[in-house]
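# what's the 3D shape of this:
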Amino acid sequence: MKSKLNRGRENKYYISLLVIAGLLFGVFFTSKTWMYDDSVIAQTAFNESIGGLSQTTLILRDWEYNPKNELMEVTLERIHTGTDAVKPTFSFYAKEQNESHKYNAELVYQSDNNMIVQIENVPESFQVIGLFVTEHRDQNILKQEYKKQLENKGEAATMTDEDINDSDLSEPGQVIIVGDYRKIETNKTLVTKTDKGYKKENIIADLKRTKRKITTIMEQDIPFQKDLITTLEKEKQSLKKSMEFETKEEQADTKREIEHKDKAIKDAKNEIEKLKKKVKELRDKYQNREEKLKALTDKNGKHNQQKQEKVDDKSTKKNNQAVSKNKQDKRNKSSNNTKKPEKKRDQ
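Residues are numbered from 1 along each chain as shown. Below is the predicted model of the structure:
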């Protein structure tokens, strides 16, 4: 009897330990969703220039994460700002903060000015993750730079490319783009898309950014300059009125102040013209992207239509063959039914 009681107590003890372990496990892996995190947010700013590379300026446009398939997707805009005739290539890997393990990062799509990088097998427990972007310049350009450096020093002017070792060349540039779980958007539908899918997605994102820029200029920047002109005009009129009661020296100072106001008004008007020109450029860009999106959509639609037409043609052909066969069967049956039996000859 005691043995049974002891075993029962032991079972309850082990069950309790398992329950506590399960709770602790759940708390650890879900703490990000319900516990307040007051640590400094370590996030690379979105939509701002990222320096650090010799030939390229990067801009972080988007960062998404799908916890279900442990997949991250980082969208970068690249601007070739260097002097190299050949644009550099890039390689990637990712790491969590204070961890040595590297995550595989693959370039899944690139256009003239956009790169989409996916980071695989990132656990939901991540806090801060860094995407390491390495810029690889053309080897021939690096060799030419190295020879020029030597020539400037008066050394090895006759050196050929074959004489130069890789170790002599400058190291590839690298920047770290940091993502914080509090700023990375959760997207439970995130998957790897086709090239057309990414192209369409990038065009739509570019349309949204362009529209926001137009709205900002029209609703904030231009009205600000107009308000500034109105304020300066009022101040100028007030200064002119005050000149009636001033000495000659004071009037000279007031005239100079009025001249400053006139210059500021002229500058504001010039700025408005620049902003209007910028709006026109942005609207042209918006229209261009709309046409690209329409062409891409129409192309997909046309492809689907052609595919459907082929299916319909096959179906129609098959139906026509079936109808022809039915008609032939009916004619054969009718012919058999109307054939007269032969009369027996008299013996």
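# Okay, now the unreliable bits of the stretch 151-300 of the chain?
154-163, 299-300 (pLDDT under 70).
# Export stretch 218-225 to CSV, keeping only CA atoms.
The C-alpha trace of stretch 218-225 is given here as CSV (Å, rounded to 0.1, in the frame of the first residue of the first chain):
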residue,chain,number,x,y,z
MET,A,218,1.7,69.9,-52.3
GLU,A,219,0.2,69.9,-48.8
GLN,A,220,3.2,70.9,-46.7
ASP,A,221,6.3,72.2,-48.5
ILE,A,222,4.6,74.6,-51.0
PRO,A,223,2.1,76.0,-48.4
PHE,A,224,4.9,76.6,-46.0
GLN,A,225,6.8,78.7,-48.6
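# So for it, what gets flagged as buried?
221-222, 225 (16 or more other C-beta atoms under 10 Å). (C-beta placed from N, C-alpha, C; glycine too.)
# Cross these against strands and list the overlap.
Assignment to strands by DSSP state E places none of the buried residues of stretch 218-225 there.
# Sort out for me which of those are in helices.
222, 225 (DSSP state H).
# quick one: which of the buried residues of stretch 218-225 is nearest residue 91?
residue 221 (39.5 Å; C-beta to C-beta).
# Relative to residue 114, how far out is the closest one?
Taking C-beta to C-beta, to the nearest Å as the measure, residue 221 falls 26 Å from residue 114.
# try residue 96
Remark: distance between residue 96 and residue 114 (C-beta to C-beta) = 26 Å.
# all helices for the stretch 1-150 of the chain, in order.
2-34, 139-152 (DSSP state H, counting those that start in this stretch).
# after the shortest one comes which helix or strand?
Yep, that's helix 139-152 we're talking about. strand 173-180 (DSSP states H and E).
# buried ones in that following strand?
So for strand 173-180, counting by 16+ other C-beta under 10 Å, buried means 173, 175, 177-180.
# Look at residue 96 and residue 114 and report which has more neighbours.
Ranked by neighbour count (other C-beta atoms under 10 Å), residue 96 and residue 114 place residue 114 first, with 20 against 17.
# circling back: lowest average confidence across the helices of the stretch 1-150 of the chain, which one?
Among the helices of the stretch 1-150 of the chain, helix 2-34 carries the lowest mean pLDDT, at a mean of 56.
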